[in-house]
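Q: Mind looking at a prediction? Sequence and model below.
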2 protein chains.
Amino acid sequence: MASKPSIPKGTRDFSPTEVAKRQYIIQIIKTNFEKFGFQPIETPSFENSETLMGKYGEEGDRLIFKILNSGDYLSKANEAHLEAKDSTKLTSSISEKALRYDLTVPFARYVVQHQNEIEFPFKRYQIQPVWRADRPQKGRFREFFQCDADVVGSKSLWQEVELVQLYDTVFTSLGLNGVTIKINNRKILSGIAEVIGASDKLIDFTVALDKLDKIGEDGVKKEMMEKGISEEALVKVQPLFSFTGTISDKINQLSDLLSSSEEGMKGVEELRFICDNVSNLGLSTAILDLDVTLARGLNYYTGAIFEIGAPKTVAMGSIGGGGRYDDLTGIFGLKNMSGVGISFGLDRIYLVLEELQLFPETVAATSKALFINYGDKEAFYALKAIQELRKENIKVELYPENVKVGKQFQHADKRAIPFAVIVGEQEIESNSYSLKNLLTGEQVSVDLEGLKKALLD
Amino acid sequence: MASKPSIPKGTRDFSPTEVAKRQYIIQIIKTNFEKFGFQPIETPSFENSETLMGKYGEEGDRLIFKILNSGDYLSKANEAHLEAKDSTKLTSSISEKALRYDLTVPFARYVVQHQNEIEFPFKRYQIQPVWRADRPQKGRFREFFQCDADVVGSKSLWQEVELVQLYDTVFTSLGLNGVTIKINNRKILSGIAEVIGASDKLIDFTVALDKLDKIGEDGVKKEMMEKGISEEALVKVQPLFSFTGTISDKINQLSDLLSSSEEGMKGVEELRFICDNVSNLGLSTAILDLDVTLARGLNYYTGAIFEIGAPKTVAMGSIGGGGRYDDLTGIFGLKNMSGVGISFGLDRIYLVLEELQLFPETVAATSKALFINYGDKEAFYALKAIQELRKENIKVELYPENVKVGKQFQHADKRAIPFAVIVGEQEIESNSYSLKNLLTGEQVSVDLEGLKKALLD
């Protein structure tokens, strides 16, 4: 191979600094998941195709990466499909496994498969990569991590309350203040659909309503009527065009608006319970906001819907989301298993922290000191000290070769190592070490204890 | 889907306890990698097929999982191979990507691709899953983690010295005392091949020699002669049949034995440098042993070879290995980049720690206390306390539903949660909490500060 090697489009190599920053975010998410009682599980990177196919719609099926069967896969290929050169139909006879597309379906599969070992309600978290054969673009990759926390086996709305708190706690821990936790409820949306007279108009309705800030009430109404929503219907939902005030105010308006819809009123009740309790318990830095245009994963969610907006100073889409689903495991034959979960968008959170310079300076800390190598005798003396320092959990390194000292100092500099330790004939004789601060240039002579103290901080 | 779902053979689901135990091992390996100056990188799960194919021999090529191209992959399929139903040849025209087979080749690709950003010598570690379409069997999986640390860009033998120390430090940290770090050198093996007259007999020779303990000197010699090694050759390597004593003794014997082989003597020198320095610096709990039968990855390594044997009380193969390779990145066009690395076998280390009961009892610690749910008013009061406890990083949970108290206590029991906190009318009135130790049954009334203290420990 003569040309420089490369990686598949939509995938990434992560450098030491990038890994450290990603791990920093993941560690904070993990710690808080556990603090809230969630336990980790891991599932295989690939699942049997039948587990995944048909779970994400036609588009999803197309975006799932399929793994070619090993060995003489053509011997079992469907003759007719092969003859017809029908790629889509042939796939199932030459590929039995596929890379996971998200963590939710594998989780549902896990719950059903292990239902007898699981103690419900089951609070699990899962932080693993997923793969999608999507067209790569800025911020969209073919391999990326999902960080999910879900509870299954209870319909209690206290879980929604705690999940809002969990979002608040994680973003506060990351130093990312002022995120908006948008909340809505699928039943509110159903109620609105009832009131405007047709559920097939619901998406048009919410899409138009979402533009209120930009195009004003008249613009929104015009768009809605163009989409076939009647003027009469618009009168009924008039309050939504001046939907302001506290969350409490908004909920009261919704209550009036949806009074004729049983499902809508159920949604109002749920929203009130969640928002009242969240508000009475208090959030640290996040802002809870009721957004009736929030309609993510309409087919999937049945109760609360969440979406996280980055602080307004940053132009970035949603950095997390989730909601309540009443029948996740039904697809695998286990009925009546309600669940609710949230997800953190690792890649976007990374970009936001980068933009706001919120990563701690020490996040990618390399070694604390580089021992300069003056030859085998000196290297041996250095390694004796290094051994002791490492026992104190101090990260230190020996430059492996006795090359020009300038080159060794340059190495420390390029690696952003803050100290150099110089050990020559003289230091060995006096059983000491010359410690040089590479930022200030200051150099002191210390014994082993002094070295430990200086490098521990 | 009516039948219970399952996962592909050779793959695994990991339960919360299993994840916690695996993470415990990984965390210790990671911490020590970093303490020794290694920095993490991550590479994509799949690589371009041309990056991987041809790097692991014919057998390896067969065991690489190939990913089917997306979309109408048959439109670009090679007509002739399709016609001939030649699965092996067709693959490259319908699959362009493949799951990584190990971490070494992706690392070599990374170094070449990013050579201008990397500061050499480059000490990197990588802990990621790899995939092999091997026949699954006990302890052998199709998806498993590798934990590798390598240095590239320096031939210094101090790195071998430090890698032996790194092995010692990791296993000591894991509480796994008495592992054997077997060392050999590819050049010693070349020397032996020279002495016995033919390098094509080298594997037969080492395989037979390895049976010395079991079948005795005569048995070994008989087997060697059957394989075509001459009696004259056996006389020359006679010292290997009584190869005992300290490492120093052994090296002296090798020095005599290989005096006619230039490469062999280079190997003796390297071994002596590494072993002398390791011995003078001292190991904590591991035992260094020179094993001339050690011949892993013959084609790959060019200098030191390492292999880790579990403590003798456990029947388990190698739990780690590595060595020096002089031309790893040559396959991608970057010459003269010597490297040396070691690897930890996560799955086997897990089994050994399990067998010797070396996992800390707290490894899979769930929540510290479960708050019993007596209704919404009580739950709210409980959540106020929970919020405060979580700020102190104490893991606590609220049982989400107001079901029978017995069921809630049972939940705590099954989840191995050590404390229950009872909050009823009475506790709310007196602004207190009843804390019950579920092991002893002892129950005390405390205020919030008391609760914090009791649960912090």
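A: Received it, and whenever you're ready, just let me know what you need.

Q: what's the next secondary structure element after whichever strand or helix holds A:G406?
A: Take DSSP states H and E as the rule and A:G406 turns out to sit in helix A:405-414. In the C-terminal direction, the helix or strand that comes right after helix A:405-414 (DSSP H and E) is strand A:419-422.

Q: Would you mark the buried spots in that next one?
A: A:F419, A:A420, A:V421, A:I422 (16 or more other Cβ atoms under 10 Å in any protein chain shown). (Glycine included, C-beta is placed from N, CA and C.)

Q: Redo these as TSV? Include pLDDT and distance to chain B.
A: Shown next, in TSV, are the buried residues of strand A:419-422 (pLDDT from 0 to 100; distance: Cβ to the nearest Cβ, whole Å):
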residue	pLDDT	distance to chain B
A:F419	97	13
A:A420	97	14
A:V421	98	13
A:I422	97	17
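
Q: related to what we said a few turns ago, does the helix holding A:G406 reach chain B?
A: Yes - judged by Cβ under 8 Å from any Cβ of the partner chain, helix A:405-414 and chain B are in contact via A:H411, A:K414.

Q: Could I have the CA atoms of that helix written out in CSV?
A: C-alpha atoms of helix A:405-414 as CSV (Å, rounded to 0.1, in the frame of the first residue of the first chain):
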residue,chain,number,x,y,z
VAL,A,405,19.4,17.1,25.8
GLY,A,406,17.9,19.8,23.7
LYS,A,407,15.8,17.3,21.8
GLN,A,408,14.6,15.8,25.1
PHE,A,409,13.5,19.2,26.4
GLN,A,410,11.8,19.8,23.1
HIS,A,411,9.9,16.6,23.6
ALA,A,412,8.7,17.7,27.1
ASP,A,413,7.7,21.0,25.6
LYS,A,414,5.7,19.5,22.7
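
Q: Contact residues of the stretch 251-400 of chain A facing chain B?
A: Residues of the stretch 251-400 of chain A found near chain B (Cβ under 8 Å from any Cβ) are A:277, A:280-282, A:331-333, A:366-367, A:373, A:379-380, A:383-384, A:387, A:390, A:393-398, A:400.

Q: Poorly predicted segments of chain A, please.
A: Scanning chain A for pLDDT under 70 picks out the ranges A:1-3, A:297-299.

Q: which residues are in contact with the helix holding A:G406?
A: With Cβ atoms under 8 Å, 6 or more residues apart in numbering or on different chains as the test, helix A:405-414 has contacts from A:L370, A:I372, A:N373, A:Y374, A:Y399, A:I417, A:A420, A:L438, B:E119, B:P121.

Q: What is the most widely separated pair among those?
A: Comparing every pair within these by Cβ to Cβ identifies A:Y374 and B:E119 as the most remote, at 20.7 Å.

Q: more neighbours, those two?
A: Neighbours per residue (other Cβ atoms under 10 Å in any protein chain shown) separate A:Y374 from B:E119, with A:Y374 holding more: 20 against 13.

Q: domains of chain A?
A: A:7-64+A:101-175+A:332-365, A:180-309, A:367-456 (automatic domain parsing).

Q: now, of these, which is deepest in the fold?
A: Of the domains of chain A, the one with the most neighbours on average (mean count of other Cβ atoms under 10 Å in any protein chain shown) is domain A:7-64+A:101-175+A:332-365, at a mean of 19.

Q: who in the stretch 101-250 of chain A is up against chain B?
A: Checking the stretch 101-250 of chain A against chain B by Cβ under 8 Å from any Cβ, the hits are A:109-110, A:112-114, A:117, A:119, A:121, A:123-124, A:129, A:131, A:133, A:143, A:151, A:154-156, A:158-159, A:161-162, A:165, A:169.

Q: Helices of the stretch 101-250 of chain A, residue ranges please.
A: A:104-113, A:158-173, A:186-196, A:202-209, A:212-226, A:231-236, A:247-257 (DSSP state H, counting those that start in this stretch).

Q: so how far is the first one from its chain's centroid?
A: Translated: helix A:104-113. Relative to its parent chain, helix A:104-113 has a centroid offset of 19 Å by Cα atoms, centre = their mean, to the nearest Å.

Q: pretty sure A:F241 is touching A:D218, no?
A: No - at 9.5 Å, A:F241 does not count as touching A:D218 under the criterion of Cβ atoms under 8 Å.

Q: can you tell me which residues contact A:K123?
A: Taking Cβ under 8 Å, 6+ apart, one finds A:F36, A:G37, A:F38, A:Q39, A:A149, A:D150, A:V151, B:E397 in contact with A:K123.

Q: Now for the fifth one: which residues touch it?
A: When contacts are counted by Cβ under 8 Å, 6+ apart, A:A149 touches A:F33, A:F36, A:F38, A:K123, A:R124, A:Y125, A:L163, A:L166, A:G341, A:I342, A:S343.

Q: just the fourth one next, same as before
A: Contact analysis of A:Q39 by Cβ under 8 Å, 6+ apart lists A:K123, A:R124, A:Y125, B:P16, B:V19, B:T366.

Q: go again using 7 Å as the cut-off
A: A:Q39 makes contacts with A:K123, A:R124, A:Y125, B:P16, B:T366, as judged by Cβ atoms under 7 Å, 6 or more residues apart in numbering or on different chains.

Q: between these, which is nearest B:G303?
A: B:P16 (42.7 Å).

Q: Return the distance of that closest one relative to B:E354.
A: 16 Å (Cβ to Cβ, to the nearest Å).

Q: Same question for A:Q27.
A: Counting by Cβ to Cβ, the separation of A:Q27 from B:E354 is 26 Å.

Q: A:Q115 now?
A: A:Q115 sits 25 Å away from B:E354, going by Cβ to Cβ.

Q: One more: A:P129?
A: 27 Å.

Q: How about A:N336?
A: Distance from A:N336 to B:E354, by Cβ to Cβ: 36 Å.

Q: Just give the closest residue to whatever residue of the stretch 51-200 of chain A ends up closest to chain B, not the sequence neighbours.
A: Residue nearest to chain B within the stretch 51-200 of chain A (Cβ to the nearest Cβ): A:S156, separated by 3.7 Å. Spatial nearest neighbour of A:S156, excluding adjacent residues (Cβ to Cβ, 6 or more residues apart in numbering or on different chains): B:P400 at 3.7 Å.

Q: quick one: secondary structure of that neighbour?
A: Here B:P400 is recorded as coil under DSSP: H, G, I helix; E, B strand; the rest coil.

Q: Need phi/psi at it.
A: phi -70, psi -20 (degrees, to the nearest 10).

Q: Distance of it relative to A:I305?
A: Computed as Cβ to Cβ, the B:P400 to A:I305 distance reads 19 Å.

Q: Could you list the residues in contact with stretch A:221-236?
A: Outside of stretch A:221-236, the residues within contact range by Cβ under 7 Å, 6+ apart are A:V195, A:I196, A:G197, A:K201, A:D204, A:F205, A:A208.

Q: so who does the fourth one touch?
A: What it means is A:K201. A:K227, A:G228, A:I229 are the contacts of A:K201 under Cβ under 7 Å, 6+ apart.

Q: Tell me the one of those residues nearest chain B?
A: Nearest to chain B, judged by Cβ to the nearest Cβ, of the contacts of A:K201 is A:K227 at 33.0 Å.

Q: Look up how far A:E217 lies from that closest one.
A: 16 Å.

Q: likewise A:V19?
A: Separation of A:V19 from A:E217 (Cβ to Cβ): 49 Å.
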